[in-house]
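1. attaching a predicted model along with its sequence, questions to come.
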Amino acid sequence: QVQLVESGGGLVQAGGSLRLSCAASGRVLSVYRMGWFRQAPGKERQFVADTNWSNSIKSYADFARGRFTISTANAKNTVYLQMSSLQPEDTAVYYCAARGSATYYDTWGQGTQVTVSS
């Protein structure tokens, strides 16, 4: 089992930045990829970005590319999401997720709220 705990959410003005953190514990060696997703009120959960632990293979949603950066700190079993140029439409609960050999994310954190004011 893998456990994920997010932190770093909060309230920020439009144009500002935030860094989210996700600490993984448990059977971390079974994790192939770590990702971030978000869900805004009344909308479906959407993919933001993901990476492998070595940061050699990353992918981003179109809205995140160029503004958000995903990275890992292997020694800390932590994945980060650095977000800049935030806009009100980025307001959502952001979730950290992990997957092993499966093609889908099957482990989720509790989420952290990000609110961007205009």
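-> Received, thanks. Only a predicted model underlies this, so the values are computations on that prediction, with no experimental measurement involved.
2. when you work out contacts or count neighbours from here on, use the C-alpha atoms and nothing else.
-> Will do.
3. what are the ranges of the strands in this structure?
-> Listed in chain order, the strands of the chain (DSSP state E) span residues 2-7, 10-13, 18-26, 33-39, 46-52, 58-60, 68-73, 78-83, 92-99, 107-108, 112-117.
4. deepest of those, which one?
-> Here the criterion is mean neighbour count by mean count of other C-alpha atoms under 10 Å, and of these the winner is strand 92-99, at a mean of 24.
5. what's next to that strand, contact-wise?
-> Under the contact criterion C-alpha atoms under 8 Å, 6 or more residues apart in numbering, strand 92-99 has outside partners 4-6, 22, 31-41, 105-115.
6. just stretch 65-76 next, same as before
-> Outside of stretch 65-76, the residues that reach it under the criterion C-alpha under 8 Å, 6+ apart are 23, 49-51, 53-55, 58, 78-86.
7. pLDDT averaged over that stretch - what is it?
-> The average pLDDT within stretch 65-76 is 92.
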